[in-house]
Every structure is written in C-alpha cells, then in structure tokens.
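J.: missing the sequence, but the structure's below:
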C-alpha cells in the first residue's frame, strides 16, 4: 500500500523530524519526502498505513499535510 501527501515542510531539518516521528509509529514503512517537488511530497509505503497517525504527527509538529489521491 502506498499513500502520498502534499506537505508544508520547508527544509531537511523539518523533513527529518517528521520522518523520525512517522518511523516511530510505522517502523517497517518506507518513508520519503521530496523537497524538490513543489508540493513537498511525503510518500509512505507499508502494508498498513494509518492516515490518522500521519495527520496527528503533522499537527503535533505544526506542519500541514493533505492526502493526495
């Protein structure tokens, strides 16, 4: 399963912080953020992905994200 999100992440420090938190909740997931893309796309690949966890992590860190279909 793959989920893709548009984010408000601006730099590698923010990206690393978000990915670290997401990996805590989804340790087996393949997680990446493309800072070169205009939408700063977060991509998560795993057998089971909780979008609620993703949104919670972003809210806790005061970043925004929107699921792309």
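T.: Arrived safely. Owing to the predicted nature of the structure, the values given are computational and were not obtained by experimental measurement.

J.: ranges for the helices of this structure?
T.: According to DSSP state H, the chain carries its helices in the segments 12-25, 51-60.

J.: Nearest to residue 4, out of those helices?
T.: Closest of the helices of the chain to residue 4 is helix 51-60, at 10.7 Å (criterion: CB to CB). All C-beta spots, glycine's among them, are computed from the backbone N, C-alpha and C.

J.: check contacts around the residue nearest to the spatial centre of the chain.
T.: Centroid-nearest residue in the chain: residue 42, 4.4 Å away (criterion: CA atoms, centre = their mean). Residue 42 is in contact with 4-7, 9, 18, 31-33, 54, 65, counting by CB atoms under 8 Å, 6 or more residues apart in numbering.

J.: I'd like the helices of the chain as a markdown table, with distance to residue 37 appended.
T.: Below are these laid out as a markdown table (distance: least, CB to CB, whole Å):
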| stretch | distance to residue 37 |
| --- | --- |
| helix 12-25 | 12 |
| helix 51-60 | 17 |
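
J.: Next, format those helices as TSV and append mean pLDDT.
T.: Shown next, in TSV, are these (pLDDT from 0 to 100):
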stretch	mean pLDDT
helix 12-25	97
helix 51-60	96
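
J.: got the contacts of residue 42 as TSV, with neighbour count columns?
T.: Output for those, formatted as TSV (neighbours: other CB atoms under 10 Å):
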residue	neighbour count
4	14
5	21
6	16
7	22
9	25
18	22
31	18
32	13
33	21
54	23
65	20
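
J.: Farthest-apart pair in those residues, please.
T.: It's 6 and 31 that sit farthest apart of the contacts of residue 42, by CB to CB, at 15.3 Å.

J.: Can you name the residues bridging to the closest residue to residue 51 other than its chain neighbours?
T.: Sequence neighbours aside, residue 67 is the residue nearest to residue 51 in space, at 6.1 Å (criterion: CB to CB, 6 or more residues apart in numbering). Counting by DSSP bridges, residue 67 is bridged to residue 5.

J.: rewinding a little: out of the contacts of residue 42, who's nearest residue 25?
T.: residue 54 (8.6 Å).
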